[in-house]
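1. All I have is the shape, not the residue letters:
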């Protein structure tokens with residue numbers, strides 16, 4: 001089987017349609033939804049450890065494609081940075097791919113035609129009474145100026161007379177001031193030059209560099225290297241924008257090795273899944289290896305799925321990936337062996353697999 005969930009344009013944000021390909025007709029479909037990051041299952045009260053069947057709002061089955069209509073209780077719980085696995089009762093299980101989901105908390109959510117709440121008019125403050133006008137001050141009478149008093153004149157006996165001794169002292173002061181001015185401006189020689197510094201009392205002036213620009217200071221120490229982000233956090237930060245598929249593939253390659261841990265494997269899967277959905281052939285091949293039970297590389301929290309492995313190998317082969325044909329041949333041999341052992345999923349897949357492939 002192969003399952004995809006996408007937005008339901010007829011019901012708006014928060015609603016989606018799950019399309020399950022190669023599924024048989026059912027009377028009343030029920031399904032389980034498991035999160036790959038922690039293995040929990042979705043229920044009406046959120047993610048939990050125990051199984052809780054989920055029911056669609058509506059469903060139909062047209063030409064082996066089962067369509068399940070779901071609402072915000074399921075759509076709003078999905079994160080495009082995580083991986084999910086859907087189990088359909090009586091049909092089997094497969095990975096659930098997400099395409100352009102719109103959550104109910106986005107613009108236009110809460111159902112179609114929802115009315116926006118009316119704006120609440122803020123309460124107006126009580127009017128403050130205007131202060132009473134202050135009484136105008138009474139005019140103050142200008143003081144009456146007193147009549148001018150007559151100025152007493154000095155006695156007639158001292159007017160127009162000066163002491164001869166005072167005149168002599170004043171003349172001596174004037175002569176001394178004139179002599180000092182002549183000495184300062186005419187007779188005084190030039191000031192002696194300052195003495196040179198003795199010994200090392202003054203530091204020698206350093207010569208300037210030949211050019212006028214100041215030399216840049218040399219760094220005192222090498223800057224510390226930046227700390228490396230955890231792989232899963234690095235992958236999610238890279239995928240938040242319009243991630244380039246070639247760059248996603250380049251970031252995932254170092255994480256695909258025999259010694260990779262669970263977090264490194266999950267981070268590489270997120271990067272490769274995004275790149276494969278954007279048409280990168282090598283990323284399609286590597287995503288198929290995650291689902292291929294015959295591949296020995298670490299898979300993290302991604303379970304094996306023979307149908308998903310076949311789908312991604314075929315997509316890579318159609319894109320011209322040279323290693324996809326050999327991977328498909330080895331996978332078909334494994335499916336044949338499992339069908340002979342009585343594996344119902346392998347038998348169903350083998351019936352849908354043309355003999356010539």
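-> That came through fine. Worth saying up front: this structure is predicted, and the values here are computed from it rather than measured. Numbers count the residues shown, from 1 in each chain.
2. only C-alpha atoms for contact and neighbour calcs from this point on.
-> Will do.
3. Can you list the low-confidence ranges for the stretch 201-350 of the chain?
-> 201-227 (pLDDT under 70).
4. let's see it at 90
-> By pLDDT under 90, the weakly predicted segments of the stretch 201-350 of the chain are 201-229, 240-242, 350.
5. Now name the helix or strand holding residue 85.
-> strand 84-88 (DSSP states H and E).
6. Which parts of the stretch 51-200 of the chain are helices?
-> If DSSP state H, counting those that start in this stretch is used as the criterion, the helices of the stretch 51-200 of the chain fall at 72-75, 164-182.
7. Give the buried residues for stretch 2-10.
-> Of the residues in stretch 2-10, 2, 3, 4, 5, 6, 7, 8 count as buried by neighbour count, 16 or more other Cα atoms under 10 Å.
8. Ok, stretch 93-107 next?
-> 93, 94, 95, 96, 97, 98, 101, 102, 103, 104.
9. which residues touch that stretch?
-> 1-7, 12-16, 72, 75-76, 80, 83-87, 109-111, 305, 307-308 (Cα atoms under 8 Å, 6 or more residues apart in numbering).
10. Just the buried ones from these?
-> Using 16+ other Cα under 10 Å as the burial test, the contacts of stretch 93-107 include 1-7, 12-16, 72, 75-76, 80, 83-87, 109-110, 305, 307-308 as buried.
11. Sort out for me which of these are in strands.
-> The strands, defined by DSSP state E, take in 2, 3, 4, 5, 6, 7, 16, 84, 85, 86, 87 from the buried ones among the contacts of stretch 93-107.
12. what's the pLDDT at the second one?
-> So the one you mean is residue 3. In this model, residue 3 is scored at 88, pLDDT.
13. Residues contacting stretch 67-86, please?
-> Stretch 67-86 has contacts (Cα under 8 Å, 6+ apart) with 3, 8, 14-20, 31-37, 42, 44, 46, 56-61, 93-98, 101, 103-104, 236, 239, 270.
14. Quick one: end-to-end length of that stretch, please.
-> 13 Å (Cα to Cα, to the nearest Å).
15. Could you give the average pLDDT over that stretch?
-> Mean pLDDT, stretch 67-86: 88.
16. and that stretch, how far out from the chain's middle?
-> Chain-centre distance of stretch 67-86: 24 Å, with Cα atoms, centre = their mean, to the nearest Å.
17. Then stretch 350-357?
-> Stretch 350-357 sits 47 Å away from the centroid of its parent chain (Cα atoms, centre = their mean).
18. Buried residues, that stretch. List them.
-> residue 350.
19. what residues does it touch?
-> 328, 329, 332, 335, 336, 339.
20. mind listing the strands for the stretch 51-200 of the chain?
-> Secondary structure of the stretch 51-200 of the chain (DSSP state E, counting those that start in this stretch): strands located at 58-62, 65-70, 84-88, 92-99.
21. okay if I get the ones you listed as JSON lines plus distance to residue 312?
-> Below are these laid out as JSON lines (distance: least, Cα to Cα, whole Å):
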{"stretch": "strand 58-62", "distance to residue 312": "24"}
{"stretch": "strand 65-70", "distance to residue 312": "19"}
{"stretch": "strand 84-88", "distance to residue 312": "16"}
{"stretch": "strand 92-99", "distance to residue 312": "12"}
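22. for those strands, which one sits closest to residue 231?
-> Closest approach to residue 231 among the strands of the stretch 51-200 of the chain (Cα to Cα): strand 84-88, 19.4 Å.
23. What strands flank that closest one, and is each parallel or antiparallel?
-> strand 31-35 (antiparallel), strand 92-99 (antiparallel) (DSSP bridges).
24. The shortest one: how far from the chain's middle?
-> Chain-centre distance of strand 31-35: 30 Å, with Cα atoms, centre = their mean.
25. Quick one: mean pLDDT over the helix or strand that it is followed by.
-> Counting by DSSP H and E, the next helix or strand C-terminal to strand 31-35 is strand 41-43. Confidence over strand 41-43 (mean pLDDT, whole number) is 90.
26. Alright, I will stop here.
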